[in-house]
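Provide a 3D model corresponding to the input given below.
(2 chains)
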Amino acid sequence: MSSLSMRPCGDFRTSYKQDTTIFETNTIRWVTIFTIIALCFAPLVVDGYFITLLIQISYLGIAALGLNILVGYTGQISLGHGAFFGFGAFASAWLNTSLHIPVFLCIPLAGFLTMGVGMMFGAPAARIKGLYLAIATLASQFIIEDFFARAEWFSGGAAGSMADPVSLFGFAFDTDQSFYYVALFSLVFMFIWGCNLMRSRDGRAFVAVRDHYLSAEIMGVKLNKYRLLSFGISSFYAGIGGALYAHYLGYVSAEGFTIMMSIQFLAMIIIGGLGSIKGTLMGVIFMVFLPEVLESGVGVMKMTDWGNIPMVVDGLAYIKEMAIGLVIIGFLIFEPEGLAHRWTQIKNYWKFYPFAY
Amino acid sequence: MTESILKVENVSLAFGGVKALTDVSFEVPRGSVFSIIGPNGAGKTSMLNCISGRYQPNSGNVIFNDKIVTDLRPNDRADLGMGRTFQNLALFGHMSVLDNIMVGRHHLLKNNWLTGPLYWASPAQKEELAHRRYCEEIIDFLEISHIRKSVAGTLSYGLRKRVELARAMALKPQLILLDEPMAGMNLEEKEDMARYILDLNEEFGITVVMIEHDMGVVMDISHQVMVLDFGKKLMSGLPDEVMADPHVKRAYLGIEDDEEETVKEAS
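Numbering: from 1, shown residues only, chains lettered A, B, ... in the order given. Predicted structure coming up:
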């Protein structure tokens, strides 16, 4: 049904302002605000390991949202997002240690630096599409990786580089619990930024370029500009995510930022839902928690008779990896439009319950 | 209606050996409804593409508002006030109707990727809402208010055509190019569309250049008609003159048929 919205009966909008809100209903808005407030108290309630997972969700979520703006909203493709994430991490560490810029300024600056690099590598995107663009961005992945290995002044080479913790007015966010607030704030800020981007002029232009680039051009959208800008914004998000990662771990080394990471980002947004902001977050949460769930599943398995079979015990690590692969394939087959779409369908089902049509 | 808004001077266009257009010249008076007719493959859409900038003519000039626009990109022509619709629907399928129309406001909006996301802290919100208001006027005018939140790709053919017209109108154009606005519509939808075209011409003062196969509509609402055949201009003039011309009858309308208005393109 085309005009189906989740607005309840009697919820009439009387101004355009009410009609352009980020959240479709007041309930969703208050649930979101309440969730964020509840998350602020998380360090008091849950254990440290869970907090590290939440921090992981934050920095990966920011980077994944960037990729979703590029892939999901603008319809471009990038296989080099992991490298941009890494560039942000190194750039922030470098700005901090070499230029002695305070860390809380380093993070946005690293974002802008990464944006510049992303636009440089995204320049071919204005001319090529689809698979060819995928290969071009694959090249960017390897070039940047090589840069990390060779540019010792920037990345510290094989030794990696150190990054100070975030500090503001003399207070250092050097524990997991305190850094968690930095991560949460950044996540919320960047997601609001993303939501607002998509409901203003340039966000619409991105979607227009994706859906029908010829008529977008007729409507006055500069194609090359927006394809390039999309790369820039996507790299900006990757840079911010990477910088948070660097200052969280305190140490950056080039090994992590391989093509595997790029593919992981792609997996997150495909599972979550291309072209959906809340889907991005769902995908990231899914991908971060999936190994944990499987881990505990393995733990349960070890307690049963299965735990005595040597082949199973030795192969548990591989079984886990394979299970992750299986889940992703399952998603592509059964819910190719992602978790966000499934969520909408669940809501639609309840909207009409108990009448199916 | 003496001054011309659009002048096409000796435009020729060839794809390899295929000559799509040969030396076509015409003028469109400001404020008129100008129809281009001709058999399939006559070069009507190529002509429109040359005007809107999707094709660059091999020779000749397109002059819009006394400015030579032959080499301008299509997006720059939108800034100058030229809008168009497509023969095969070209809506942004996954966007809502409202967003589709708002894309038409793109060149008039000023917020960008930095000020747009600072929605409340920048003029962006005020600007978006002001333009939203203008879009609502177009929505009212074209009577598509019931589908403004629908996803464009899910609409019926006739409605999509109307949304496409709305999107082109949102550009605030002085000249609007319509490529077969009534193709595939039933009689009722055709009548509606004809009324919208007349109204946007008369109320909004937009000059219309239209390709259409439905002779009845063309003869009824056009001020001037141009006939293309095999990429050449056969003739142009008032609808009655064109109808009476024996060449046109032979090329297009069918010489043996006495009731011309019932003759339509087979497709």
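
CA atoms for contacts and neighbours, from now on please.
Will do.

Now the stretch 151-300 of chain A against chain B: closest residue?
residue A:220 (3.7 Å; C-alpha to the nearest C-alpha).

Nearest to chain A: which residue in the stretch 51-200 of chain B?
Counting by C-alpha to the nearest C-alpha, the stretch 51-200 of chain B gets nearest chain A through residue B:75, at 3.7 Å.

how about residue B:115, secondary structure?
coil (DSSP: H, G, I helix; E, B strand; the rest coil).

Look at residue A:274 and say how many residues are nearby.
Close neighbours of residue A:274, defined as other C-alpha atoms under 10 Å in any protein chain shown, add up to 28.

let me redo that: residue B:235
Residues near residue B:235, counting by other C-alpha under 10 Å, number 16.

Please report the distance of it from residue B:165.
Using C-alpha to C-alpha, to the nearest Å, we find residue B:235 at a distance of 28 Å from residue B:165.

Phi, psi for the nearest residue to residue B:71 once chain neighbours are set aside please.
Spatial nearest neighbour of residue B:71, chain neighbours left out: residue B:56 (6.7 Å); criterion: C-alpha to C-alpha, 6 or more residues apart in numbering or on different chains. Dihedral angles of residue B:56 (phi, psi; degrees, to the nearest 10) stand at phi -100, psi 120.

doesn't residue B:70 make contact with residue B:56?
Yes. Applying C-alpha atoms under 8 Å as the test, residue B:56 and residue B:70 come out as touching, 6.8 Å apart.

Need the residues touching each of those two.
residue B:50 (C-alpha atoms under 8 Å, 6 or more residues apart in numbering or on different chains).

gap between residue B:95 and residue B:234?
To residue B:234, residue B:95 is 41 Å away according to C-alpha to C-alpha.

Which of those two has more residues huddled nearby?
residue B:95 (20 against 17).

before we move on, the earlier item: look at the residue of the stretch 51-200 of chain B closest to chain A and tell me its secondary structure.
helix.

contacting residues around the nearest residue to residue B:75 once chain neighbours are set aside?
Nearest residue to residue B:75 in three dimensions, chain neighbours excluded: residue A:220, at 3.7 Å (C-alpha to C-alpha, 6+ apart). Residue A:220 sits next to B:74-79, B:104, B:106-107 when contact means C-alpha under 8 Å, 6+ apart.

Check residue B:142 too.
Contacts of residue B:142 by C-alpha under 8 Å, 6+ apart are B:162, B:166, B:196.

For chain B, just list every one of the helices.
Ranges of helices in chain B, per DSSP state H, are B:44-52, B:74-80, B:97-104, B:124-142, B:157-170, B:187-202, B:215-221, B:239-244, B:246-248.

Can you give the distance from the first one to the centre of its chain?
Computed by C-alpha atoms, centre = their mean, to the nearest Å, the chain-centroid distance of helix B:44-52 equals 10 Å.

Same question for the fourth one.
For helix B:124-142, the separation from the chain centroid amounts to 22 Å (computed by C-alpha atoms, centre = their mean).

angle of it against helix B:97-104?
When axes from the mean of the first three to the mean of the last three C-alpha atoms, to 10 degrees is applied, the directions of helix B:124-142 and helix B:97-104 differ by 110 degrees.

Quick one: low-confidence residue ranges for the chain.
All of this refers to chain A. A:1-7, A:307, A:356-357 (pLDDT under 70).

wrong one, I was asking about chain B
B:1-2, B:252-267.

Can you give the domain ranges for it?
The record's domain parsing of chain B by automatic domain parsing lists B:1-81+B:173-267, B:93-172.

Highest mean neighbour count out of the ones you listed?
Ranked by mean neighbour count, the domains of chain B are led by domain B:93-172 with a mean of 20 (mean count of other C-alpha atoms under 10 Å in any protein chain shown).

Now the terminal residues of that domain, how far apart.
Using C-alpha to C-alpha, one end of domain B:93-172 lies 22 Å from the other.

what do you get for stretch B:145-158?
Stretch B:145-158 end-to-end distance (C-alpha to C-alpha) = 15 Å.

likewise stretch A:148-165?
Start-to-end span of stretch A:148-165 (C-alpha to C-alpha) is 21 Å.

list the buried ones in that stretch?
Within stretch A:148-165, the residues that qualify as buried by neighbour count (16 or more other C-alpha atoms under 10 Å in any protein chain shown) are A:148-149, A:154-157, A:160-165.

for the helix or strand encompassing residue A:247, packing partners?
In the assignment (DSSP states H and E), residue A:247 maps to helix A:223-249. Packed against helix A:223-249 by the contact rule (3 or more C-alpha pairs under 8 Å, 6 or more residues apart in numbering or on different chains; DSSP states H and E) you find helix A:48-68, helix A:81-99, helix A:103-122, helix A:176-198, helix A:201-211, helix A:213-218.

same thing but at 7 Å, please
Here helix A:223-249 touches helix A:48-68, helix A:81-99, helix A:103-122, going by 3 or more C-alpha pairs under 7 Å, 6 or more residues apart in numbering or on different chains; DSSP states H and E.

can you tell me which residue is nearest the centre of chain A?
residue A:64 (1.8 Å; C-alpha atoms, centre = their mean).

Would you confirm that residue A:79 contacts residue A:134?
Yes. Assessed by C-alpha atoms under 7 Å, residue A:79 is found in contact with residue A:134 at 6.1 Å.

thinking again about what came up before, test my guess that the residue of the stretch 51-200 of chain B closest to chain A contacts residue A:215.
No. Residue B:75 is beyond contact range of residue A:215, at 9.5 Å (criterion: C-alpha under 7 Å).

Is chain B within reach of stretch A:114-129?
No. Under the criterion of C-alpha under 7 Å from any C-alpha of the partner chain, chain B is not reached by stretch A:114-129; the shortest gap measures 12.9 Å.

Would you pull up how far that stretch lies from the middle of the chain?
Averaging C-alpha positions (C-alpha atoms, centre = their mean) puts stretch A:114-129 19 Å from its chain's average.

From one end of it to the other, what's the distance?
For stretch A:114-129, the end-to-end distance is 22 Å (C-alpha to C-alpha).
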